[in-house]
Each structure stands twice: as C-alpha cells, then as structure tokens.
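> Pasting the sequence and the predicted coordinates here, then a few questions.
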Amino acid sequence: MFDAAAVSAWLEELNAEQRTAVTHRGGPLLILAGAGTGKTTTLCTRVAWLLSEGVPAERMLLLTFTRRAAREMVQRAHSMTARVLPSAGAVVGGTFHSLAHRIVRLHACSLELPPGFGVLDAGDAADLIDLVRQELGHAASTRRFPRAQTMLDIYSYTVNAQRPLAEILAERFPWCEEHGEALAESFRAYGARKRTFGVLDLDDLLIYWRALAGDPVLGTRIADSFDHVLVDEYQDVNGLQVDIVRSLRHARCELTVVGDDFQAIYGFRAASARHILEFPQHFPDARTITLEQNYRSTESILAIANALSNQDQHGFPKRLWSERGEGAAPELAFVRDESSQANEVCERVLAAREEGMELRAQAVLFRTCHDSALLELELTRRRVPFVKYGGLRYLDAAHVKDLVALLRLASNAADEVSWFRVLQLLDGVGPVRARRLLDALRAPGGGPPELSRWADAAGHVPEHARAAATALFGALVDAAAGGESAGARVERLCAALVPLIRLRYDDGAARAADLDQLVAAAGSARDIREFVAELVLDPPASSADLAGPPHLDEDYLVLSTVHSAKGLEWDAVHLIAAYDGNFPADMNTGSEQGVAEERRLLYVALTRARRRLHVYVPVRYYHRPAGCDDPHGYGRTSRFLTASVQCLFRVTRTPGEPSPGVDGVAPRRRIEVSVDALFA
DNA sequence: CTATTAGATGTTTTT
DNA sequence: CATCTAATAG
C-alpha cells in the first residue's frame, strides 16, 4: 500500500543530521537549519515519512510564513505524499494568515462576526484608519500628526508584539511619542469601526484565531484535528503566532519547527529570533538538530556568509560548509553612481546569458523597491525581460481597489470604507455628498447602509451622474441577491464600474482593460466574498500574474527585494546599492538590534547565490530627502563589508571619476538670481 | 461642494 | 518622485 521504497530512497539521499531530523519520534523537534542546508527537503521528507508511519496527511499542518514559501512547500510536500500513497489526502498547509482565515471563517458565528465579514488588506486598513483620523480631527491639527500609513504600522506592531502602546512608541516610533494619547484613542475607534463595518484586518485574523484557540471547547477541537504541526521559518514568528503554535500542541500532537536565527529579518513585524532561540526552554523535552552542510553555494560564497555571521556574537554558532568547490571569486564592484551601476549589472547579466546562464537563473536583489528604478529603465531600454517582486502591487492600483471595494459591498453593505471609495467615483460626488448619500442609505433609526434604500438616496447624486449611479446600484442588488455564478456577478459589477473608471482616470481605457483579468480570475471562484479574501491574502504581483503562470516558457530576469527573496536561490545574484544607509538602512542604525537585523538581511541576500555573486557599491548616489543643496551623497561602503570581508572578494572599480557637468551629474547648488535690487 | 492646481513633505521591508 | 495639503476657480 505505501511506497516504502520511495521513502527509503529519499532517506538515503539525506545526510546523517537530516535523516535524524526526518525520522525523529516523540517530543518537540527544533531543526536549526543554516541557509541552503536542505531545510525544505528535510521538512517535506519528514511529512512523507510521517505518512508512511501511518499519520494521515490531512492530520498534518504545515505552517509557513510567506506566500511564496507556502506555495513551494505545500506543492512539494503534496507531490511527495502522493507518491508514497496515491490515495492520501492533502496536507493542510499555508501561511499563518491564510489558515487563520479558514478557521475564523468556519467559526465566524461563535466569534459574533457576520457571515459575510470582509478582510481588509493593508491599504484598506490605512483608509479606515484615515477615516478615523479625519473624524477625530487629527488631520487638521496644527501639530503634525502621523499619517494613516504610519498609524497603521504602529497599531500593527503593537498588536503583533502584544505589548503596551507606550512602550512601542518609545522604542520604535519616538517621533510620534507626543501623540500617544491621541493614537490610543484613534486605535480604539479603529477597532470599534471594524466591528461596525463587519471587517477584519490581517492582524485580526491572528487575534481571532488565538481567541478561538484559547476557548476550552473550540480550541480543543481545533487542536484535536491535527497530529503533527510543522512550522517553517520559525525565526520569523512573533508572540501572537507563538501563542497559536503553543495552543495547537497538546498531549497527542507533535511539533516540528525549522528555522535559522541568523535569517531573522522581520523584526519590523514584531517577529523575534528570541522565540526560536528559547524554543528549548519553552519546550523542555525538545530535541535540537543543527544542519550545517550547505548544498547551494560555492565555498567562496560561504566564506563571506560565515564572516558576516561571525560579526554577530549572539545566537547559535553555525559554520556553513559545502562540497561544491571554491568556485568563481565573488565580485565587489565599486561603481561610479546608480546609472553606472545599472549599466554594469546589465553587462554582467547579459554576458552570463551568453555563456548559457538563463536570465531566470539570475536575480538582482535590493533593500528597497526604488533601488531598482534606474536598472528597470535600463533593462527596458535594452529589451531585457524582467519580473519584479515586492513593491507596488497590483492591489495598490487605484482602479483595482475601486473594483474590489465594489465587490466587498456585494457581500457586506455595512462596509462604509468601501462605500466612500465607490461613491466618490461618481462625477460631482466628493466627501461631503458621499457622507450624505451614505446617511440616506441607512434605516431611519441609524444602523448600517442598506442597498434597498437607494431610491431614497438617489436625490443626493448630481443629475448628470445619476444614470451611472443607478446602474451601479442595480448591479450591486443583483450581485447581492445571488442566483448567477460568482464570475457572472463580478462581470456585471465590473461592467457597471467601467464607465466611471473611464471618466475618472485619464488613462481610463487602459485601466478598464486591466480589470478584465481580475474578472477572468473570478470566473473560477466559489463566491465573491471568498474571491476577495483570497485576493487579499494572496495578492497577485501584477495583472499578468492573474492570468496564471504566464512566463513558463519565457526567460526573464528576477528583480526582488531581499525580504521577498528569502527561501529562494539563483545561480547568480547581483546585490545592488550596498552602501551604508541601505545596508544597514539609516533608520535602523539607532539600536544595536536594528543593526544586527540589517546584517542578517545582507546575509540572507548573499546566501541566495549558488555560483556567482556580485555586490555593487555606488560611490556616489542620489538620496531622496531633498532640501539640501546637493541631492547626491558620497556613499560609504556598507559597514558590514569590513576590510577583512572585502578581502574575500575580487574588488573591481569602474574607470573614470565623475566628470561634473558632462553627463548630468553636476553637483547642484543654490544660486540666487534676482533683479530685485534694481527696484529697491 | 467639487475639481484643479500649486506647493510642501517624507523614513523601508510583508501577511 | 509621489502623495498629501491648502488654496482657488468653477
């Protein structure tokens, strides 16, 4: 019945430590796996092994952190279990948030949530917080008040860290400390609003899951449905997530966690490597296994990685080694400026491709999204196809948000943030009329807006926009009524919205066309609410992404933030903008922990490389905070690339110092030109 | 009241 | 540079 031969063949391929981890029995297991040490393989093989030991696949829970990792891990585990036992069910798996969504949806009733509750993405949450901000009069106050996005960051961090606001402000947001009281008030109001509007933000998903887990009846039932819980990237969990994991582990349920404390890079989300380091204390009967043999990189790349991790005295000492040979010496390239950097990257990428290395085997990594701006221009100019991960997402585009807001209203008319957004698309309707309209949609005694009251509210829409508004409401009423398939209803809603989009944006036609892809993706959805929630929890990177795996046969270069690159690997890695200020980022240099996290970020970036590694340091770079005379700065090399680390590189310099005035990089000065003196 | 424009301002990283 | 605010025109 089981294909035991397949499992033993897989076990054969593992090294001794990996094999011990895979076949560990009884008691919690901590696998400390350095970069590239076969973490995914070990975890997936363990799943297959457990299956062959008689644990049903559907009683195993595989939790991961990022969507990209989740997809890869679940897919791989699934194909392995299918091989071992074709009739096996599916392993339950996904990100913490997607699992939370499934569970909360299942128990919405017990949590006193409306069955149609919506899930807000970060943008929506910021919009809602902005609403509160306006209403409490903070927007207009003379002392500048943190912006909605910043407020959300503070709120989210506080919730995820499960610590008092005052502490968080002092520690992470000192410039907002004076507004402590007002912030606290706003956050309370934000919470109340979410309740009234019937919406949850991403943090709520975890909060509600934990609340369920703590319930003596439901919590036990949830925990009872699993025999094994396996958590990947454990160094990136925060207190809230640890609570959830602990609640899942009861007498009969086993726990395996995998991670690398030196790859903890989500401190800004209140994650802390403390949790993985203290795992043996939290679970006294835990077994710890360390994986140090690296299967990914050449030794010269690992030498640099080890040198970096040696700079940090904390954590588990690990020394990566491999049998992949010395390999090409990593390059540390000092380039003149960012445009020269873009050039050099292109040259090297194209040269490697000439030698047979596909574009998709190469990646350009950077700290922040805009670091790649010039490079993107250059790649476009040279017609090199690329895909960028991180940064502006599809859901951030205004017209997409418009449609999503409309979809939300179809299942939840109480969602006033979405109402505001949609109503203001009507020509001649701004904030004030939107509010009046919204009030007119309520039942006389107050309460949530109702679709059925459109006839009473229509008068508030200026005449020339009334027809469009009526069409919009018609589509909403139809969509809410059900009957047709989800896809058909989404299509109707989109059709009603398109005329407004065309009017609103000057590139309206293009935006309208862009929405078709979203509509097409909805075709297979079970219902609209589900579709929107999926969209929020697993947003496509671009509209092209919606159309399914598009570039399978195409070759393209990968551009990615280091954060998004975690867990992935490429033959060649180009790390750009490695100057001090970016590695470490200026705003994180305040504390020792901050700097340490930045170092780990650099470590993560460098350890993505299999055979070739190039690090670029622009000697002269442009930095955004304008206001000084010269927007150019002379960049210093990242402080982590100390002299002894630099020795491990082959150092190159692009010839030619900057020649002021010749190619547009002349230093800018403030020169006053005035003839006023003539008229004095 | 809304739309448009000119002027100021600002910390990244992701679910 | 992109986004938000304030001021003005419609």
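Thanks, I have the structure now.

> contacting residues for A:Leu374?
Applying C-beta atoms under 8 Å, 6 or more residues apart in numbering, we find A:Leu374 in contact with A:Glu338, A:Ser339, A:Gln341, A:Ala342. No exception for glycine: its C-beta is placed from N, CA and C like everyone else's.

> Repeat the analysis, applying 10 Å as the threshold.
A:Leu374 makes contact with A:Asp337, A:Glu338, A:Ser339, A:Ser340, A:Gln341, A:Ala342, A:Asn343, A:Val345, A:Ile576, A:Pro618, A:Tyr622 under the criterion C-beta atoms under 10 Å, 6 or more residues apart in numbering.

> and which of these is nearest to DNA strand C?
A:Tyr622 (8.7 Å; C-beta to the nearest atom of the strand).

> a strand runs through A:Met558, doesn't it?
One correction, residue A:558 is Val, not Met. Yes: assigned with DSSP: H, G, I helix; E, B strand; the rest coil, A:Val558 falls within a strand.

> now the nearest residue to it once chain neighbours are set aside, what's its secondary structure?
Among residues not flanking A:Val558 along the chain, A:Ala363 sits closest, at 4.1 Å (C-beta to C-beta, 6 or more residues apart in numbering). Per three-state DSSP, the secondary structure class of A:Ala363 is strand.

> State the helix or strand in which A:Ala192 lies.
Using DSSP states H and E, A:Ala192 sits within helix A:180-197.

> Which strands and helices lie in contact with that helix?
Applying 3 or more C-beta pairs under 10 Å, 6 or more residues apart in numbering; DSSP states H and E, one finds that helix A:180-197 makes contact with helix A:122-135, helix A:148-161, helix A:165-172, helix A:416-423, strand A:446-449.

> let's go with 6 Å and repeat that
Applying 3 or more C-beta pairs under 6 Å, 6 or more residues apart in numbering; DSSP states H and E, one finds that helix A:180-197 contacts helix A:122-135, helix A:165-172.

> for it, the distance to its chain's centre please.
25 Å (C-alpha atoms, centre = their mean, to the nearest Å).

> rewinding a little: A:Ala572 is nearest to which of the helices and strands packed on helix A:180-197?
Smallest distance to A:Ala572 across the helices and strands packed on helix A:180-197 (C-beta to C-beta): 32.4 Å, for helix A:122-135.

> Could you pull out the strands in the stretch 151-300 of chain A for me?
In the stretch 151-300 of chain A, the segments counted as strands under DSSP state E, counting those that start in this stretch are A:199-200, A:228-231, A:254-259, A:287-291.

> Please report how far the one residue in the stretch 201-350 of chain A that gets nearest to DNA strand B lies from A:Phe117.
Nearest residue of the stretch 201-350 of chain A to DNA strand B (C-beta to the nearest atom of the strand) works out as A:Phe268 at 3.2 Å. According to C-beta to C-beta, to the nearest Å, A:Phe268 and A:Phe117 sit 27 Å apart.

> Could you check which of these two has the larger neighbour count?
A:Phe117 (23 against 16; other C-beta atoms under 10 Å).

> quick one: low-confidence parts of chain A?
A:139-143, A:251, A:315, A:317, A:390-393, A:541-553, A:621-635, A:655-680 (pLDDT under 70).

> Regarding it, what is its longest strand?
If you go by DSSP state E, chain A has its longest strand at strand A:609-618.

> That one packs against which elements?
Helices and strands touching strand A:609-618, by 3+ C-beta pairs under 6 Å, 6+ apart, are strand A:331-335, helix A:338-354, strand A:570-575.

> can you do 8 Å?
Other elements packing on strand A:609-618 under the criterion 3 or more C-beta pairs under 8 Å, 6 or more residues apart in numbering; DSSP states H and E are helix A:299-310, strand A:331-335, helix A:338-354, strand A:570-575.

> now the ones you listed in CSV, with mean neighbour count?
As requested, those are arranged in CSV below (neighbours: other C-beta atoms under 10 Å):
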stretch, mean neighbour count
helix A:299-310, 21
strand A:331-335, 21
helix A:338-354, 19
strand A:570-575, 24
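
> Could I get those in a markdown table, plus columns for distance to DNA strand C?
Shown next, in a markdown table, are the helices and strands packed on strand A:609-618 (distance: least, C-beta to the nearest atom of the strand, whole Å):
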| stretch | distance to DNA strand C |
| --- | --- |
| helix A:299-310 | 32 |
| strand A:331-335 | 20 |
| helix A:338-354 | 12 |
| strand A:570-575 | 22 |
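
> Can you redo the ones you listed as CSV, where the extra columns are distance to A:His282?
Below are the helices and strands packed on strand A:609-618 laid out as CSV (distance: least, C-beta to C-beta, whole Å):
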stretch, distance to A:His282
helix A:299-310, 24
strand A:331-335, 41
helix A:338-354, 44
strand A:570-575, 35
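
> about what we covered before: now for the contacts of A:Leu374, which pair is the farthest apart?
So, the contacts of A:Leu374 by C-beta to C-beta: farthest apart are A:Val345 and A:Tyr622, at 16.6 Å.

> surely A:Val536 meets A:Ala125?
No: with contacts counted by C-beta atoms under 8 Å, A:Val536 stays clear of A:Ala125, the gap being 10.2 Å.

> Where does the stretch 451-600 of chain A get nearest to DNA strand C, residue-wise?
A:Pro462 (10.6 Å).

> Could you report the neighbour count for that residue?
Neighbourhood size, A:Pro462 [other C-beta under 10 Å]: 12.

> A:Val429 is in contact with that one, correct?
Yes: here A:Pro462 reaches A:Val429: they are 7.1 Å apart, a contact under C-beta under 8 Å.

> can you map out the strands along the stretch 501-650 of chain A?
Along the stretch 501-650 of chain A, counting by DSSP E, counting those that start in this stretch, strands occupy A:557-561, A:570-575, A:609-618, A:620-622, A:632-634, A:650-653.

> Same list as before, the ones you listed that is, but in a markdown table and with distance to DNA strand B included.
Shown next, in a markdown table, are the strands of the stretch 501-650 of chain A (distance: least, C-beta to the nearest atom of the strand, whole Å):
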| stretch | distance to DNA strand B |
| --- | --- |
| strand A:557-561 | 4 |
| strand A:570-575 | 14 |
| strand A:609-618 | 17 |
| strand A:620-622 | 13 |
| strand A:632-634 | 15 |
| strand A:650-653 | 27 |
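
> Enumerate every residue touching A:Val429.
A:Leu423, A:Leu437, A:Val461, A:Pro462, A:Ala465.

> Quick check: phi and psi on it?
phi -110, psi 120 (degrees, to the nearest 10).

> Could you tell me how far it is located from A:His464?
The gap separating A:Val429 from A:His464 is 11 Å, by C-beta to C-beta.

> can you check A:Leu248 too?
With distances taken as C-beta to C-beta, A:Leu248 is found 57 Å from A:His464.

> for A:Gln235, same thing?
Where A:His464 is concerned, A:Gln235 sits at a distance of 58 Å (C-beta to C-beta).

> Give me the more crowded residue out of those two.
A:Gln235 (25 against 10).

> Do I have it right that the more buried one meets A:Gly259?
Yes: assessed by C-beta under 8 Å, A:Gln235 is found in contact with A:Gly259 at 4.0 Å.

> got any residues that touch both of those two?
Jointly contacting A:Gln235 and A:Gly259 under the rule C-beta under 8 Å, 6+ apart are A:Ile276.

> circling back: next up, the contacts around the residue of the stretch 201-350 of chain A closest to DNA strand B.
A:Phe268 neighbours (C-beta under 8 Å, 6+ apart): A:Tyr157.

> What about A:Gly54, how many residues nearby?
8.

> helix, strand or coil for it?
Secondary structure assignment for A:Gly54 (three-state DSSP): coil.

> Cool, thanks, signing off.
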